[in-house]
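J.: Dropping a prediction and its sequence here:
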Amino acid sequence: RARYAEFSPVRPAGTPAWSRAALTADTPASLLYTSGTTGRAKGALLTHGNFGANAQSCVKAIRVRPDDNFLLVLPLHHSFAFTTNLLVPILAGAEISFVESLKAVGDSLREVSPTILLAVPLLLEKLYRRLEAGVREKRLARWLLAAGLYGPVRRAVRARLGGRLRLMVSGGAPCDPALLLGFARLGLPAIEGYGLTEAGPVVSLNPPEAPRPGTVGRPLPGTEVRLLDADAAGVGELAVRGPNVMAGYFNNPEATRAAILDGGWLATGDLASVDADGYITICGRRKALIVNREGKNIYPEEVEQQIGRSPFVLESLVLAYRDPAEPTGERVGAIIVPNLDAIVLHLGRKPAVPEVEQLVRDDLRRVLNEIAEYKHPRRIRIHFEELEKTSTAKIKRFLYQLD
């Protein structure tokens, strides 16, 4: 607090600007450009009504309390953080704590003792690895877990995170269900939600009292969903309707007409299924869907998730390519970034490039045996630099190809 003692509040002269604003629900609030993972970014025009409605729905969905403390780790210029980590706690009268940097997240957790942490999967994965490594290093903790005595270990883990954390929410990108189950094993409730900038952004969230890892939960209160052109397996393009849906794309009427359909339904571009209880499962992006010669649909995200089970893979990108000898259909390919730290630890030395490539390919055969053979990548490129991403850690798919 001493750092701010020298400053005193300055009162604006005359009537403040905010009191002169004639705002309605339809008044534009923000122009947010989409992340552009599959192509050129478009400016989503979100209104005060969009943000307000979405924030109110989120407060109801997770039952935010005035004594909650949200730890803010995400950039506020994205709708995910702006709505869920700023507007939601303000609406509920809760506290917001800001981290100084991403490197200081662990220190911030212990210092401010938050109750709610909202993050992208990449950040949660790093947090889980540190917690799991800490448990593995302690012989007593390993023995307690093996004996089924989870209580003492869970209390110690919670203490490392400030002692009050009651909920973690993953959003912004697909989350591996194994990560959510891992947190649950450590006594940390972690759930996944789904949204997109054009919807303010939250569309659905797993109920904290009844989560189903692998799904993105149920639609928020006041939000409707339906599937467009669902196939025999019940998979179709997810459409969303509600007061959170954007006004349109800025200066792009053609894109607006393609996205907002008759009746105010927003076509998300995401393929999904919805079960009898209303839980939504995202299968992948419509534009990224791979259709092989036999007409079978292959969702890159499913294959990437399976590839990620190899400890020797840091990240992967599954995409289609065409064989010039085949006039129809697409084949599955993959760009793999090896986890060099894990490989060095496994071998006990620094390997040569050919050895890294062979080790990764051998382990890929092992993990891919768990999914159907027609989903296996036929062409694999080992890439020794991390893939380019958006500011919310999603890979820019449109930058890469295997042809």
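T.: Okay, I see it. Numbers count the residues shown, from 1 in each chain.
J.: Now the element after the helix or strand bottoming out on mean pLDDT in the chain, going C-ward?
T.: One helix or strand of the chain scores below all others by mean pLDDT, DSSP states H and E: helix 17-20, with a mean of 68. From helix 17-20 onward toward the C-terminus, using DSSP states H and E, the following helix or strand is strand 28-33.
J.: List the buried residues of that next one.
T.: For strand 28-33, burial by neighbour count (16 or more other C-beta atoms under 10 Å) applies to Ala29, Ser30, Leu32. Heads up, the C-betas are built off the backbone N, CA and C, glycines and all.
J.: can I get the CA coordinates of that strand in PDB?
T.: Once side chains and other backbone atoms are set aside, the C-alpha atoms of strand 28-33 remain, and they are given as PDB (Å, rounded to 0.1, in the frame of the first residue of the first chain):
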ATOM      1  CA  PRO A  28     -22.300  -0.900 -28.700                       C
ATOM      2  CA  ALA A  29     -19.900  -1.600 -25.800                       C
ATOM      3  CA  SER A  30     -17.000  -3.300 -27.500                       C
ATOM      4  CA  LEU A  31     -15.600  -4.200 -30.800                       C
ATOM      5  CA  LEU A  32     -13.700  -7.500 -30.300                       C
ATOM      6  CA  TYR A  33     -11.800  -9.200 -33.000                       C
END
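J.: what does that strand contact?
T.: With C-beta atoms under 8 Å, 6 or more residues apart in numbering as the test, strand 28-33 has contacts from 41-48, 50-51, 77-79, 82, 197, 247, 250.
J.: ok, 10 Å please
T.: Residues outside strand 28-33 that contact it (C-beta atoms under 10 Å, 6 or more residues apart in numbering) are 23, 40-52, 77-79, 82, 197-198, 200-201, 246-247, 249-251.
J.: Quick one, which of those residues are buried?
T.: 42-52, 78-79, 82, 197-198, 200-201, 246-247, 249-250.
J.: Of these, which belong to helices?
T.: Among these, the members found in helices (DSSP state H) are His48, Gly49, Asn50, Phe51, Gly52, Ser79.
J.: I figured the fourth one hits Thr83, correct?
T.: Yes: in this structure, Phe51 is within contact of Thr83 by C-beta atoms under 10 Å, at 6.0 Å.
J.: residues shared between the contacts of those two?
T.: When contacts are counted by C-beta under 10 Å, 6+ apart, Phe51 and Thr83 are jointly contacted by Gly200, Pro201, Asn244.
J.: Which member of these is positioned nearest Lys396?
T.: Nearest to Lys396 among the shared contacts of Phe51 and Thr83: Pro201, at 18.7 Å, using C-beta to C-beta.
J.: Pull up the gap between the closest one and Thr223, please.
T.: 11 Å (C-beta to C-beta, to the nearest Å).
J.: Ok, Lys60 next?
T.: In this structure, Lys60 and Thr223 are 11 Å apart, going by C-beta to C-beta.
J.: Tell me which of those two has more neighbours.
T.: Neighbours per residue (other C-beta atoms under 10 Å) separate Lys60 from Thr223, with Thr223 holding more: 23 against 11.
J.: In contact with the more buried one, which residues?
T.: When contacts are counted by C-beta under 10 Å, 6+ apart, Thr223 is found next to 53-54, 57, 61, 195, 199-200, 202-204, 240-245.
J.: Where does the residue positioned nearest the centre of the chain sit: helix, strand or coil?
T.: Of all residues in the chain, the one closest to the mean position by C-alpha atoms, centre = their mean is Ala173, 2.5 Å from it. On the three-state scheme (DSSP: H, G, I helix; E, B strand; the rest coil), Ala173 is labelled coil.
J.: Quick check on it: phi, psi?
T.: Dihedral pair for Ala173: phi -160, psi 160, per degrees, to the nearest 10.
J.: Check Ile280 too.
T.: phi -100, psi 130.
J.: Can you tell me which member of the ones in helices among the buried ones among the contacts of strand 28-33 has the lowest pLDDT score?
T.: Between these, the one the model trusts least by pLDDT is Ser79, at 91.
J.: Just list the residues touching the residue nearest to it when sequence neighbours are not counted, thanks.
T.: In space, Ser79 comes closest to Pro201 once its chain neighbours are excluded; the distance is 4.2 Å by C-beta to C-beta, 6 or more residues apart in numbering. When the contact criterion is C-beta under 10 Å, 6+ apart, the partners of Pro201 are 32, 44, 46, 50-51, 54, 78-84, 171-172, 193-195, 244, 246.
J.: now do Glu302
T.: The neighbours of Glu302, taking C-beta under 10 Å, 6+ apart as the test, are Pro174, Cys283, Gly284, Val318, Ile371, Ala372, Lys375.
J.: any idea which element it lies in?
T.: Element membership for Glu302, per DSSP H and E: helix 300-307.
J.: who does whichever helix or strand comes after that helix pair up with?
T.: Remark: after helix 300-307, the chain's next helix or strand is strand 313-321, criterion DSSP H and E. On the basis of DSSP bridges, the sheet neighbours of strand 313-321 come out as strand 331-338 (antiparallel).
J.: Mind giving me the packing neighbours of the helix or strand following the strand it pairs with?
T.: Where DSSP H and E defines the elements, the next helix or strand beyond strand 331-338 is helix 340-347. Applying 3 or more C-beta pairs under 10 Å, 6 or more residues apart in numbering; DSSP states H and E, one finds that helix 340-347 contacts strand 313-321, helix 353-368.
J.: What's the mean pLDDT across helix 340-347?
T.: Rounded to a whole number, the mean pLDDT of helix 340-347 is 94.
J.: One more: stretch 176-183?
T.: Average pLDDT, stretch 176-183: 92.
J.: rewinding a little: would you turn the shared contacts of Phe51 and Thr83 into TSV with pLDDT and distance to Ala210?
T.: Supplementary listing: the shared contacts of Phe51 and Thr83 in TSV, determined by pLDDT from 0 to 100; distance: C-beta to C-beta, whole Å:
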residue	pLDDT	distance to Ala210
Gly200	95	24
Pro201	95	23
Asn244	97	23
